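[1] mind folding the following:
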Amino acid sequence: MYPQTKTECARLCLGNMVGKNDYDFSPANPCISEASLSSEKEQWLKRVSEEAKLMHSALDVIRDAAFMAREDGAFHYVNAAAAKSLGYSKEELLKLTVMDVDKFLI
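    The predicted structure is shown next:
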């Protein structure tokens, strides 16, 4: 099954980036070549990395607690204010889940 529209092509590209894909991607795909997918993926990853660094820099300096958690509840990001408010170091908190620090969420 090959994508037929630009939207489907974008889903294919994003799906390959995150390792999920409903499409059968191969070099014979008329929509996106491996080379262009690789180039687009590199550009996208670079942009996302730069945006994440900027966001983390901004969140690191605010005095309010800021958390980011994954779907499974594991902390992905915490700032110093968040760690301090919960009585943990940033490193300790990143090893925990939201449920570990707030039993009422279970």
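[2] what segments of this structure are helices?
    6-18, 34-61, 80-86, 90-93, 98-101 (DSSP state H).
[3] domain boundaries for the chain, per the record?
    1-53, 62-106 (automatic domain parsing).
[4] worst average pLDDT in the ones you listed?
    By mean pLDDT, the lowest-scoring of those turns out to be domain 1-53, with a mean of 62.
[5] what about A83, neighbour count?
    Neighbourhood size, A83 [other C-beta atoms under 10 Å]: 19. In this view, the C-beta of every residue, glycine as well, is placed from N, C-alpha and C.
[6] what residues does it make contact with?
    By C-beta atoms under 8 Å, 6 or more residues apart in numbering, the contact set of A83 is 89-90, 92-93.
[7] now with 7 Å?
    Counting by C-beta atoms under 7 Å, 6 or more residues apart in numbering, A83 touches 89-90, 93.
[8] what about it, distance to M99?
    17 Å (C-beta to C-beta, to the nearest Å).
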